[in-house]
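> model this:
(one chain, ligands or ions: 1)
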Amino acid sequence: MNIRINNLSKEYAKGVFALKNIDLELENGVIGLLGQNGAGKSTLMRILSTIMKPSSGSVSVDDVDILKNEDYLKHILGYLPQNFGIYPNLSAREFLEYIAAVKGMSKKAAKKRINELLELLNLHDVADSPLKSYSGGMKQRVGIAQSLLNDPKFLILDEPTVGLDPEERANIRNIISEISNNRIILYSTHIVTDIESIADKIAIMKKGSLKCYDSIENLINSVRGMVWKETIPYSELNTFRMKYVVSSINRIGDNVEVRVISDNMPMKYAVKVEPRLEDAYMYYCHFKDRGDM
Ligand SMILES: Nc1ncnc2c1ncn2[C@@H]1O[C@H](COP(=O)(O)OP(=O)(O)OP(=O)(O)O)[C@@H](O)[C@H]1O
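All right, here's what the predicted structure looks like:
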């Protein structure tokens, strides 16, 4: 399957663009959509799920214009929105039966699929308990289960790990990895570690624009030679941050070890280090502000 996004823009109010001329081509695999708050990720996902109309541009799935043929998309789409609401008094099984009915699935097909999903998402033991007794991670897994009811070829997950502890985040990562064959999964997050081990490609958005779209390897290579490590007194950190793009810090007593993104040696004793995806993310989110290298 192939999804083509052409010149997509969304203007919420006059001159206020949440998306600006986005061009993106998605193919089977996990695509990590990274961007800070307000970058436009949810707006893009809402448009791709046809909940919202763009101001201009087009989206086609295998050459079918889905903005004009919403029914075509309905059969192949699974969507976990950011603020996914559940019914607290229903059990996971009842909730999934309800969503399956709304999606028009037959009772027999729904029953079989729900059992498969409860197993896959490790919810089998609690399937008949009310959702209000679930942890945040369990609720998110129910959200993922509802998005998978129709075995979608295109799955949109909008920040599925927000507010979850590291163990649940890892849980969800493993599940996504397991279901990633033969479908497009567009996974938005602002946490690099959530997607670096599972994404085939990464798109980085900033203020409504697409800053880059490439494999993790190519993104890391694109900042090779620009990542430095330096130890400075902790008291100088704020001044240092004003001057340089700091990708991470590690406090050691009164000092702090900083990772810096810079095309020149930032300080006399800085040493070049192997780049990581997080460095590339910082580069595309921040460094490009200063005169788009
Ligand atoms: N309904 C709306 N009306 C007006 N402006 C909006 C609306 N929804 C979003 N925006 C604005 O559009 C921009 C993009 O928002 P969006 O929610 O798409 O970003 P995001 O990357 O998903 O961020 P977050 O991670 O915080 O959800 C932001 O500046 C936001 O304030």
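
> got the domain boundaries for the chain?
The domain map for the chain lists 3-216, 225-273, with the assignment taken from the TED database.

> need these in CSV with mean neighbour count and mean pLDDT, can you?
Just so you know, the C-beta spots here come from the backbone N, C-alpha and C atoms, and that holds for glycine as well. As requested, those are exported to CSV (neighbours: other C-beta atoms under 10 Å; pLDDT from 0 to 100):
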stretch, mean neighbour count, mean pLDDT
domain 3-216, 18, 93
domain 225-273, 15, 91
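
> which ones are touching the residue nearest to the spatial centre of the chain?
Residue closest to the mean C-alpha point of the chain, counted by C-alpha atoms, centre = their mean, is residue 188 at 1.4 Å. Shown in contact with residue 188 (C-beta atoms under 8 Å, 6 or more residues apart in numbering): 32, 33, 34, 35, 41, 42, 45, 157, 158, 159.

> 6 Å - rerun?
By C-beta atoms under 6 Å, 6 or more residues apart in numbering, the contact set of residue 188 is 33, 41, 158, 159.

> Okay, and which of the residues you listed map to helices?
Those of the contacts of residue 188 mapping onto helices are residue 41, per DSSP state H.

> which among the contacts of residue 188 are in contact with the ligand?
Near the ligand, judged by C-beta under 6 Å from any ligand atom, the entries from the contacts of residue 188 are residue 41.

> for the contacts of residue 188, which one is nearest residue 72?
Nearest to residue 72 out of the contacts of residue 188 is residue 158 (C-beta to C-beta; 21.4 Å).

> excluding its backbone neighbours, what's nearest the closest one?
Once flanking residues are discounted, residue 158 sits nearest to residue 82: 4.3 Å by C-beta to C-beta, 6 or more residues apart in numbering.

> SS state for that neighbour?
coil (DSSP: H, G, I helix; E, B strand; the rest coil).

> returning to what we had before: so which of the domains of the chain gets nearest residue 279?
Smallest distance to residue 279 across these (C-beta to C-beta): 4.7 Å, for domain 225-273.

> Great, nothing more from me.
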